[in-house]
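Have a look; sequence and predicted model below, questions after that.
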Amino acid sequence: MNNLKKIHIGILIKKRVEELQISISRISNFFKCTADEILNMYESEIISTDLLLKWSKLLEYDFFRLYSHHLILFAPLAGKCTKKRVSSELPQFRKNIYTKEIIDFILELINTGQKTKIQIVEQYGIPKTTLYKWIYKYNN
């Protein structure tokens, strides 16, 4: 799994294009732009959401999930600040929903010795009991 702390979306898009072996001419037709503009997108660290949505559809891969995982792992915990909850008309999502990819990423950090269990708990705010359940369930 790639490092989710620093996301270079252009490189990840290019990697997916190479995996699927999609020609630059097909991509150019899809986006209605030149091959040079496609190559510039590969070099770009950031990309507009409408283009990212098109890439996600073309490459059948949810690139937005990379950013969601980044938020799960690196956003400050809601319980640690004393801000008053503000009602919003925007859809509300639970932050503590961990996908299989996130669990695998965390377990990989522990199994490779990159981080200790305590570091995981402190840095990512994952409850200790949850982490130990993952270790028991997925490492056996």
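On my side now, so go ahead. Numbering: from 1, shown residues only.

residues near L131, how many?
Neighbour count of L131, defined by other C-beta atoms under 10 Å: 19. All C-beta spots, glycine's among them, are computed from the backbone N, C-alpha and C.

Going by neighbour count, list what's buried in the helix or strand hosting it.
Assigned by DSSP states H and E, L131 falls within helix 128-138. Going by neighbour count (16 or more other C-beta atoms under 10 Å), the buried part of helix 128-138 is 131, 134-135.

what's in contact with stretch 105-116?
Residues outside stretch 105-116 that contact it (C-beta atoms under 8 Å, 6 or more residues apart in numbering): 1, 4, 69, 73, 117, 120, 123-124, 126, 131, 134-135, 138-139.

Quick check on the residues you listed: which are buried?
By 16+ other C-beta under 10 Å, those give 4, 69, 73, 120, 124, 126, 131, 134-135 as buried.

how does this protein divide up, domain by domain?
Following the assignment in automatic domain parsing, the chain carries domains at 9-63, 94-138.

These: lowest mean pLDDT?
Here the lowest mean pLDDT among these goes to domain 94-138, at a mean of 86.

rewinding a little: so which residues make contact with the helix holding L131?
With C-beta under 8 Å, 6+ apart as the contact definition, helix 128-138 has outside contacts at 98, 103-104, 106-107, 110, 117, 120-121.

quick check, nearest of those to Q21?
D104 (25.9 Å; C-beta to C-beta).

Format the domains of the chain as TSV; extra columns: distance to V86.
Shown next, in TSV, are the domains of the chain (distance: least, C-beta to C-beta, whole Å):
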stretch	distance to V86
domain 9-63	23
domain 94-138	16
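
now for those domains, which one comes closest to S87?
It is, among the domains of the chain and with distance given as C-beta to C-beta, domain 94-138, at 16.5 Å.
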